[in-house]
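Student: could you look at this predicted model? Sequence included:
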Amino acid sequence: MSNIAATEDHYTSTGVDNRKLMMWIFLGSDCLFFGSFIATYLVYRNRSLAGPYPNEILDIPITTVSTFVLLMSSLAMVMGLSYVQQGRQVLGRYWTLATALLGMVFLGFQVYEFSHFAHIGLTPRTNIFGTTFFTMTGFHGAHVTFGVIWLLILAFSRLASSFKQKMLIFASFISVIIAMAGLMMTETLDVIPHMPFSLAISVTIIGILGVIASLYMLRVPDTEPAKVSKEEENLELAGLYWHFVDIVWIVIFTVVYLVSAKDGAPLL
Amino acid sequence: MNKSHKLMITKLFKYFSLSSLLLLFISSCSPHHEQSTFANAGPVAQAQSELFYLMFWIAGVIFVIVQGALIFAVLNFRRKEHPIPGSDFKLPDIPPKQVHGNTKLEILWTIIPALILVVIMVPTVQTIYSTYEPPEDSDPLEIVAMGHQWWWEFRYPNEGIVTANELRVPTNRPVKVILESQDVIHSFWIPQVAGKKDTVPGNTNQMWFQVDEPGNYSGQCAEFCGVAHARMRFRVIAEDEADFNVWLNAMKTPPKATASDGYGLFLAHCSMCHSIDSYMDGSYEKEITVQDERWADWYDKQEESVRVSAPNLTHLGIRTMLAAGQKDMTRENLIAWIKNPSDIKQGTRMQSVGSVYKDGAANLKEHEVEAIADYLLSQIPEGWGSVVAGTESLEETEVMVWNTPEEQGEYLFTNQGCAGCHSLSQDEVIVGPSMYGLIDRSSSRVEGLSAEEYIYQSITYPNEYIVDGYAANVMPQIFINLSEEELDALVSYLITIK
Amino acid sequence: MTTISYPTFIRRPNEYVSGIWGWITTVDHKRIGTLYGVTAFLWFLVGGIEALLIRLQLAQPESSLLSPEVYNQVFTMHGTTMIFLVIMPLSAAFFNWLVPLQIGARDVAFPRLNAFSFWAFLFGGILLNLSWLTGDAPNAGWFAYAPNTEVPYNPRNGVTYWILGLQLLGIASLAAGFNFLTTIINMRAPGMSFMKMPVFIWMTAVVNVLIVLAFPIITVALIQLQFDRLYGTHFFNPAMGGDPVMWQHMFWLFGHPEVYILILPAMGIVSEVLPTFSRKPIFGYTFIVFSGIAIGFLGWFVWSHHMFTVGLGPAANSAFAVSTMLIAVPTGVKIFNWIGTLWGGSIKITTSLLFAVAFIGMFVIGGLSGVTHASPPSDAQQQDTYYVVAHFHYVLFGGSLLGLWSGIYYWWPKFTGRFLNERVGYWHFGLTFFAFNLTFFPMHWLGLDGMPRRVATYPEGMGWDISNLVSTIGSLMLGVAVIVFIYNVIYSNLRMPKTASNDPWDGRTLEWSIPSPPPHYNFDAIPEVKYRDDFWYKKYPELAHDTHGGGSDSEIQENHEVDHADIHMPDPSYYPFFLGLGLAIMVGGFIPFAGHWVVCAIGLVIFIWSFLGWSYEPVNG
């Protein structure tokens, strides 16, 4: 009953599950992906010919908070996996959900930071700092977004046994997107003219309410004893990915916010 | 013919082709060709090819040993069938001894190549350093070689000379080359004299070379740089120190009597991109600034731009080749080049940017093209000995008589090139502002200057007051050379345009 | 068994669909291998036509057969096609066919991902070549040096096609890399320790490690170039502080491992062909394996030898010269060990063996000329000349391609059950070998005579005319050789009977223990492996005492009656095809033509739809 009946659930030469092994190989590959972005950023330090420069724009306290949030999401991930391994599926799922929500909070910080920078005049086109900063953190954000979607699917998918539940899951995803869109709208007030603040806020609130409502209606009181090991495996894979993305952020945080925070105009 | 015959033929074929190709290879690298890397004409190329020869002979020995062993093994250890005498039956093949390896042997053939490589590495590293900086006790001539799409600019910063596509150097004196690029990556290469080095925009590179014997050496851009990459060549003219110094001085001397018919046409159609007067004092710095501005103009505006960086044409009459080493500098070639540059160098920006080529081929009459060519070929420094093709067609300027200053001004406006950029009708803008109704505008342009004074000022020092929407440094500052009378006539004509 | 109803979109076919849909939905590694091989060969014809156009243009000086712009497009696409659409997928065809067969597995670890790799590769190649239809094929060379690829110098869409096509091919290669590595590490037959794997599997493993680690770098470089071109960033724009040399570093940090990605599969093939036809084990298995690993490892520290003339300074040039020369050591070891394998053997001359031997000979020439430009001062005269063109064609054509052809002749009976005709094969070999040398050997002296690469034409009187003409004649003969090969394939499939036994060459590895062509499930029972070249020692137990560290007893396993119905094989699936299609349409939608975001959105919808369908696909094992 597994995905690849002929090969999985069977003997493997190393004893490690195929999918887990591939996840490790993928993460090794992804190291080179982020390594290239980080290397580019480091090579291009102090080469911006126009401002704003890092020392004028980086807000370390705020990013420290968002970094903390992301670290806490890793903790939540550990909790979720631990509960699933103990067979406490519901708790496990809610911790998984918490991980995803913390990831979304981190993304919210990033959306805030990006639009804030854009307001005070730093875009990817402004200078080489903008170019390297936005692409590097942007692709990290894309990884986090993918992780959030994955975790949400894991948190919800096993609950979808009826048409109504499928619809509810669909509704909760739509709500998440609406909430994110609203959040972004509040940040683009200056950029998009005639955007009423109330509209942006209400869109956000509608989205959040939608998430809460669909979650409430989806609540499942009991665990299903079957397929526990499968769920554990799936969660473990997502966990590997999530911790990796976290570690990458710690490197990026160190490189951008600690190492180069004082970088200014190039010394000529 | 049975199967084994055919096999033998195949193998012989292979053996023959391999060895004959090797022979051909050794024999055919004759050092007579123009860009042969073996026809060394200087110490840098010499050092580089010595290193190559060292490796080539080592490689040759290895080649013979390895291919010999390989061919021997295949021929010698073929599967033998064992016929039983007097019978059609053959014994089945017996598997050979199952050898899995020989550690000692394998260690040996790991170490020996490593040792051979050490033999190559030592002179390699030595040559890397010796070909990087000119010898310490020498007094190198410093030049800047700048790659452009698709031509070369050569600057002599200490002598204050700019020229293009033809590099003059003294013999037996190291030349230190500073390599720069304004657009994409090119590579500066004079095969007989020195290996190549890239010109990278934003990075400055250096190399050096020295030429032993006077002569012409062919150079070429070696890094793919776009559509006319194949046409981006140049020539190095090496002369002994005395001849070289004559050239240096000549480049700072004004041209002797020039064919003036083409002068105005040149100013009107060519001078936005090409400088012709870099023999003057201070022209070196100006040329560098202007070249940057021309390029920035093209970079920013792309297809709308009417300017792009272009070769300096000062004293073109003494150059030997045109269009970045494409053709000999003759009158016919120059005329053909001006008429339709893409025929000679497809993709050249001369045609895609120059406003005179808006409709494809040059928007000039036959005699106008000839006049420009004659003018350019007459650009020969005073006292320069040689007579260059084309100069004999110089004609005496006929003496003109004018009834009024306005009439003279009109003649000058047409013939000195003003009309090339400035239209007389209200709505048309060619390159510079229209001259229509000039009197109404010019009186109020600058506080304290009358209309006449303002126009006079703008002709002689064009960059002082730039009209909004027009770029500085487009109009050449060359009209300051007109006589006082001519300038007055021009002004008096210009204020009549309504 | 309780079934949970997943939301699915198309029912998964639970057995083979016939006809074209059978090929589209297949997840069988053997059929995917065939798809890779056939597609790569079709691209080979495209790349070959481009090569002939180049040679016809250069046959004489000042030729105007192709305009410089078209010439630039042709040589760019020739290089890109041959590297990414021919040699790599042709190697992938062998990986697909042989990895499960040689390690004793029934399929790769992720069959659907495997199919997806193929479709992404196919659509990536199509996207790349679609640019011909717009008249703006990529024109900046396969190395695409910035800033010549930036918008001011290259405003049309060719380079964008190139970036996005390569991105797709990169995704395909990465997915395949994850898959093969997992398969090799995890799905070896019981008893097959790493040091008992066939050399081909070892080389496959090294290649896929290189793919997995090198492709992310080019992915990032391509993203950066794409952002520069489409969104106005400044990665490689010197006017804003960007550095064009950074592109070169990233490109060659990928590009040099890529060179080994291209050559190591052929080395693996040759390491299988030589022992079989010599009836001897490979000479110095451990040395061969570790030199392969060493090549893969050292390959990461030599990239700047492509940049000796860029001006990195004498210290960097010296360091990279040393590391580059070091790589000659493990390469040399391989060559000596191959000769050692032939030495004292009982060599049966076949087309496959001739190609393998020619591979060694030609690769030696390419390797030796490589050493001459591992030395920066010497390279200063050779860089960007036809000498380098000669060098890498000796390595990539004389090396990779001859090796791959050796593999084609060797495994054809296993793949199809029919032999390729040996007589025609000899003609094919002889013609290829002769024409190859005729084409590429003169380029050595063209380069040393100062003819630069990538020139659309050249002036008269440079002494280059005859060599160029000879080279062009050779290339036309190579075209004939390819036609001979095509004739051989057609002839063999129509006329040759399906006579190939399980083990026509007296082979050594596990794939020869099963029928030709192999059944859908490969092995009746997963074999137990005791030795390196296990199958050989099962055939000849009397030779087994010769093996390194092996026991003395060996017996042929009894073929127990196996109930094939019990073998669960993965079912075919529609989603890999649609996932690849959606991805390609989405990626293609980034090319800025009118309404491109609509195309992108359509691709995104197909992509998400097939991604969800894939994830929720019911498994009826």
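Tutor: Sure, I can see it. Quick caveat: nothing in here was measured; it's all calculated off a predicted structure.

Student: can you list contacts of stretch C:337-348?
Tutor: B:66, B:69-70, B:73-74, B:77-80, B:93-97, B:99, B:101-102, B:105-106, C:270-271, C:274-275, C:277-284, C:287-288, C:291, C:353, C:357, C:360, C:505 (CB atoms under 8 Å, 6 or more residues apart in numbering or on different chains). Placement of C-beta: from N, CA and C, glycine included.

Student: kindly identify which of those also come near chain A.
Tutor: Among the contacts of stretch C:337-348, proximity to chain A is found for none (CB under 8 Å from any CB of the partner chain).

Student: generate a ChimeraX selection restricted to the buried subset of these.
Tutor: To isolate the buried ones among the contacts of stretch C:337-348 in ChimeraX, judged by 16 or more other CB atoms under 10 Å in any protein chain shown, type:
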select /B:66,69,70,73,74,77,95,96,99,101,106 /C:270,271,274,275,277,278,279,280,281,282,283,284,287,288,291,353,357,360,505
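
Student: low-confidence ranges, the chain, go.
Tutor: In the absence of a named chain, this looks at chain A. Applying pLDDT under 70 to chain A flags residues A:1-10, A:157-166, A:169, A:183-197, A:215, A:218-229, A:267-268.

Student: to clarify, I was referring to chain B.
Tutor: B:1-32, B:81-93, B:258-259, B:385-400, B:473, B:477-478, B:480-481.

Student: tally of neighbours for the residue of the stretch 51-200 of chain B found nearest chain A?
Tutor: Closest approach between the stretch 51-200 of chain B and chain A, counting by CB to the nearest CB: B:Val200, at 14.8 Å. Neighbourhood size, B:Val200 [other CB atoms under 10 Å in any protein chain shown]: 26.

Student: return the subset of the contacts of stretch C:337-348 lying in strands.
Tutor: Among those, no member is found in strands (DSSP state E).

Student: list the contacts of the residue of the stretch 51-200 of chain B closest to chain A.
Tutor: B:Leu179, B:Ser181, B:Ile185, C:Pro244, C:Val245, C:Val310, C:Gly311.

Student: which of the three states applies to the closest residue to B:Ser458 other than its chain neighbours?
Tutor: Nearest non-adjacent residue to B:Ser458, counting by CB to CB, 6 or more residues apart in numbering or on different chains: B:Tyr465, 6.2 Å away. Following DSSP: H, G, I helix; E, B strand; the rest coil, B:Tyr465 is assigned to coil.

Student: just to check, B:Tyr465 is in contact with B:Glu447?
Tutor: No - between B:Tyr465 and B:Glu447 there is no contact under CB atoms under 8 Å: 11.2 Å.

Student: look at these two and report which has more neighbours.
Tutor: Neighbour count, other CB under 10 Å: between B:Tyr465 and B:Glu447, B:Tyr465 has more, with 14 against 5.

Student: phi and psi next, for the more buried one.
Tutor: Dihedral angles of B:Tyr465 (phi, psi; degrees, to the nearest 10) stand at phi -130, psi 110.

Student: ok, now which ones touch it?
Tutor: B:Arg445, B:Val446, B:Tyr454, B:Gln457, B:Ser458.

Student: now do the residue of the stretch 51-200 of chain B closest to chain A against C:Thr233, distance only.
Tutor: Using CB to CB, to the nearest Å, B:Val200 is found at 20 Å from C:Thr233.

Student: mind listing which of the contacts of B:Tyr465 are in helices?
Tutor: B:Tyr454, B:Gln457, B:Ser458 (DSSP state H).

Student: restrict stretch B:327-337 to CA atoms and write it as PDB.
Tutor: Extracted C-alpha coordinates of stretch B:327-337, given in PDB (Å, rounded to 0.1, in the frame of the first residue of the first chain):
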ATOM      1  CA  LYS B 327      41.300  46.200 -45.100                       C
ATOM      2  CA  ASP B 328      44.400  48.100 -46.300                       C
ATOM      3  CA  MET B 329      44.000  51.800 -46.000                       C
ATOM      4  CA  THR B 330      43.400  52.800 -49.600                       C
ATOM      5  CA  ARG B 331      41.000  55.400 -51.000                       C
ATOM      6  CA  GLU B 332      38.800  52.800 -52.600                       C
ATOM      7  CA  ASN B 333      38.500  50.800 -49.400                       C
ATOM      8  CA  LEU B 334      37.800  53.800 -47.300                       C
ATOM      9  CA  ILE B 335      35.100  55.000 -49.700                       C
ATOM     10  CA  ALA B 336      33.500  51.500 -49.600                       C
ATOM     11  CA  TRP B 337      33.700  51.500 -45.900                       C
END
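
Student: C:Phe84 touches C:Leu168, doesn't it?
Tutor: No - if you go by CB under 8 Å, C:Phe84 and C:Leu168 don't touch, sitting 9.9 Å apart.

Student: name the residues contacting each of these two.
Tutor: C:Gly124.

Student: geometric centre of chain A: which residue is closest?
Tutor: A:Val144 (2.3 Å; CA atoms, centre = their mean).

Student: distance of the residue in the stretch 51-200 of chain A that chain B sits nearest to from chain C?
Tutor: Closest approach between the stretch 51-200 of chain A and chain B, counting by CB to the nearest CB: A:Ile128, at 11.3 Å. A:Ile128 sits at a distance of 4 Å from chain C (criterion: CB to the nearest CB, to the nearest Å).

Student: wait, isn't that residue in contact with A:Tyr41?
Tutor: No - assessed by CB under 8 Å, A:Ile128 is found out of contact with A:Tyr41, at 9.5 Å.

Student: more neighbours, the two?
Tutor: Neighbours per residue (other CB under 10 Å) separate A:Ile128 from A:Tyr41, with A:Ile128 holding more: 27 against 22.

Student: pLDDT wise, what is the residue lying closest to that one once chain neighbours are set aside at?
Tutor: Using CB to CB, 6+ apart and skipping the chain neighbours, the partner closest in space to A:Ile128 is C:Gly241 (4.2 Å). With respect to pLDDT, C:Gly241 scores 88.

Student: so what's C:Gly241 up against?
Tutor: A:Tyr44, A:Arg47, A:Ser48, A:Leu49, A:Asn127, A:Ile128, A:Pro266, C:His234.

Student: now these in CSV, with secondary structure and distance to C:Ser501?
Tutor: Formatted as CSV, these follow (DSSP: H, G, I helix; E, B strand; the rest coil; distance: CB to CB, whole Å):
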residue, secondary structure, distance to C:Ser501
A:Tyr44, coil, 62
A:Arg47, coil, 66
A:Ser48, coil, 70
A:Leu49, coil, 71
A:Asn127, coil, 69
A:Ile128, helix, 65
A:Pro266, coil, 72
C:His234, coil, 64
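
Student: in PyMOL, select just the buried ones from the residues you listed.
Tutor: A single PyMOL command is used to select the members of the contacts of C:Gly241 judged buried by 16+ other CB under 10 Å:
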select buried, (chain A and resi 44+47+48+127+128) or (chain C and resi 234)
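
Student: from the contacts of C:Gly241, pick the one nearest C:Tyr409.
Tutor: A:Tyr44 (50.7 Å; CB to CB).

Student: and the helices in the stretch 51-200 of chain B, which stretches?
Tutor: For the stretch 51-200 of chain B, the helices defined by DSSP state H, counting those that start in this stretch occupy B:103-130.

Student: give me the residue from it nearest chain C.
Tutor: When scored by CB to the nearest CB, the stretch 51-200 of chain B has B:Gly195 as its residue closest to chain C, at 2.4 Å.

Student: where does the residue lying closest to C:Ser467 once chain neighbours are set aside fall, phi/psi-wise?
Tutor: Spatially, and ignoring its direct neighbours in sequence, C:Ser467 is nearest to C:Pro442 (3.9 Å; CB to CB, 6+ apart). Dihedral angles of C:Pro442 (phi, psi; degrees, to the nearest 10) stand at phi -60, psi -20.
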